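**Student:** after the sequence you'll find the predicted model.
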Amino acid sequence: MKALVLIGGLGTRLRPITYAVPKQLIPLAGKAMLYHVLDLLPRDVEEVVLATGHKAELVDRHVRAHPPGLPVTTVAEATPLGTGGGMRNAGGTMSEPFFLLNSDVIAAADLGALAEAHRRSRRLGTMALTEVDDTRPYGVAALGAGDRITAFVEKPPPELAPSHWINAGLAVWSRGVLDRIPPERPVSFEQAVVPGLLGEGVYGFRLSGFWDDAGTRERLLRSQRLLFEAGRGVAVGIPEGARGRGPVSAMEGVRAHDATFGPFVTLGVGVTVGAGAHVENSVVMDGAVIGRRCRLRGTIVGPSVEVEDGRELVDELLGAPPP
Ligand code: GDD
Ligand code: MG
């Protein structure tokens with residue numbers, strides 16, 4: 001099977017960080033968000049096509065520098081086409097059926113079992129679903145006999161949500177759905193296409209493991225914590241000369257003498273943290289400099305950002321201003 005991975009969104013809810021990088025390259029628990037998603041794919045996947053857009057060249061460069069162990073190609077769109085438009089634009093070489101993955105979901109999910117469930121019966125699509133309390137940011141499914149999806153509403157107000165089972169952003173679809181998406185214009189697959197496909201047999205596949213969408217500051221940090229707790233952190237260890245409580249992921253070239261850390265921190269490549277600083281439940285991206293005696297909690301610091309000595313940052317997104 002092949003996989004189509006959507007990675008072209010603007011990441012507006014993570015601005016200003018996403019003015020500089022696509023959200024999928026923000027490191028969580030020691031590696032880019034995108035790679036935690038690719039980890040879910042069965043190792044025998046033939047090809048992964050990344051449908052890129054916003055900052056596509058940075059995704060290309062990152063993937064070249066860090067080959068993910070699966071054959072990856074990218075197809076960029078010149079202007080954002082939405083999830084459906086992106087599928088139509090980049091899905092030309094997909095297999096029958098194919099995986100469709102959002103690239104900002106952090107999950108414990110057996111996608112081999114998802115594909116198996118899809119194949120067992122003649123279906124147009126099988127969408128992984130997860131149960132959440134607050135359905136507002138998600139697409140919500142109503143389920144009938146055999147978990148057939150009988151209704152699907154994208155981001156409904158709570159009183160109109162048909163259940164608490166939401167689209168987990170991991171699915172298997174028949175190739176034919178690509179032809180149902182109008183070409184060359186922005187289309188939301190979830191809003192404009194999925195409801196019209198339900199009559200042809202779309203089923204839910206209920207997930208039971210952890211799941212989150214890392215598309216906002218709060219959820220991104222919650223996702224990082226889930227990854228650490230599941231033992232999926234990489235480069236885990238307190239940097240040399242620093243102290244504190246793990247888990248902390250310190251990527252190459254981190255300097256942090258006499259700083260204290262943790263828990264739940266990623267320090268990107270070449271990050272410097274000054275003496276007497278403390279960082280917890282945060283992500284500090286490549287090349288950032290955190291001044292002496294700073295205190296960071298619940299914060300994401302963008303690439304190469306410099307934080308002056310003594311600053312206290314709580315629940316912040318700190319990045320370069322818009323270009
Ligand atoms: N190529 C391309 N072009 N990709 C896009 C575009 C676009 O114009 N817009 C968004 N994407 C990508 C994003 O980068 C992300 O990986 C994925 O499509 C989903 O977009 P989000 O912006 O993160 O959507 P969402 O989180 O509000 O909602 C989606 O995900 C939920 C689960 O996390 C929907 O699929 C919901 O139904 C779902 O519940
Ligand atoms: Mg999302």
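**Tutor:** Great, that's in hand. Numbering: from 1, shown residues only. Ligands and ions are numbered 1, 2, ... in the order given.

**Student:** C-alpha from now on. contacts and neighbour counts both.
**Tutor:** Noted.

**Student:** next to ligand 1, which bits of the stretch 51-200 of the chain? Give me the list.
**Tutor:** 51-53, 80-83, 86, 102-105, 138-139, 154, 166-169, 190 (Cα under 6 Å from any ligand atom).

**Student:** next, the contact list for L50, please.
**Tutor:** When contacts are counted by Cα atoms under 8 Å, 6 or more residues apart in numbering, L50 touches L4, V5, L6, I7, V72, T73, T74, V75, A90.

**Student:** kindly report the same for T216.
**Tutor:** T216 makes contacts with R13, L14, as judged by Cα under 8 Å, 6+ apart.

**Student:** that one and L318: what is the separation?
**Tutor:** 13 Å (Cα to Cα, to the nearest Å).

**Student:** repeat that for S249.
**Tutor:** Counting by Cα to Cα - S249 and L318 are separated by 20 Å.

**Student:** these two: which has the busier surroundings?
**Tutor:** Counted by other Cα atoms under 10 Å, S249 and L318 do not tie: S249 has more neighbours, with 27 against 20.

**Student:** tell me the SS of the more buried one?
**Tutor:** When classified by DSSP: H, G, I helix; E, B strand; the rest coil, S249 comes out as strand.

**Student:** pretty sure it sits against P263.
**Tutor:** No: with contacts defined as Cα atoms under 8 Å, S249 does not count as touching P263, sitting 9.9 Å away.

**Student:** mind listing the strands for the stretch 151-300 of the chain?
**Tutor:** 165-173, 202-206, 211-213, 243-244, 248-250, 260-261, 265-267, 272-273, 278-280, 282-284, 289-290, 295-297, 300-301 (DSSP state E, counting those that start in this stretch).

**Student:** export those strands as CSV, with columns for mean pLDDT.
**Tutor:** Output for the strands of the stretch 151-300 of the chain, formatted as CSV (pLDDT from 0 to 100):
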stretch, mean pLDDT
strand 165-173, 98
strand 202-206, 98
strand 211-213, 98
strand 243-244, 96
strand 248-250, 98
strand 260-261, 98
strand 265-267, 98
strand 272-273, 98
strand 278-280, 98
strand 282-284, 98
strand 289-290, 98
strand 295-297, 98
strand 300-301, 98
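
**Student:** of all those strands, which one is nearest Q24?
**Tutor:** Relative to Q24, the nearest member of those by Cα to Cα is strand 211-213, separated by 11.3 Å.

**Student:** quick one: contacts of that closest one?
**Tutor:** So strand 211-213 is contacted by D104, V105, I106, A107, A108, T130, A168, R219, L220, R222, S223 (Cα under 8 Å, 6+ apart).

**Student:** chain center to that strand, what's the gap?
**Tutor:** Relative to the chain's own centre, strand 211-213 is displaced by 8 Å; criterion: Cα atoms, centre = their mean, to the nearest Å.

**Student:** also stretch 35-45?
**Tutor:** 13 Å.

**Student:** equivalent analysis for stretch 40-58, please.
**Tutor:** Distance of stretch 40-58 from the chain centroid (Cα atoms, centre = their mean) equals 12 Å.

**Student:** ok, now stretch 105-124?
**Tutor:** That offset, for stretch 105-124, works out to 19 Å (Cα atoms, centre = their mean).

**Student:** just stretch 126-146 next, same as before
**Tutor:** What separates the centre of stretch 126-146 from the centre of its chain is 18 Å, taken as Cα atoms, centre = their mean.

**Student:** now do stretch 97-113
**Tutor:** Counting by Cα atoms, centre = their mean, stretch 97-113 is centred 11 Å from the centre of its parent chain.

**Student:** what about it, start to end distance?
**Tutor:** Start and end residues of stretch 97-113 are separated by 14 Å (Cα to Cα).
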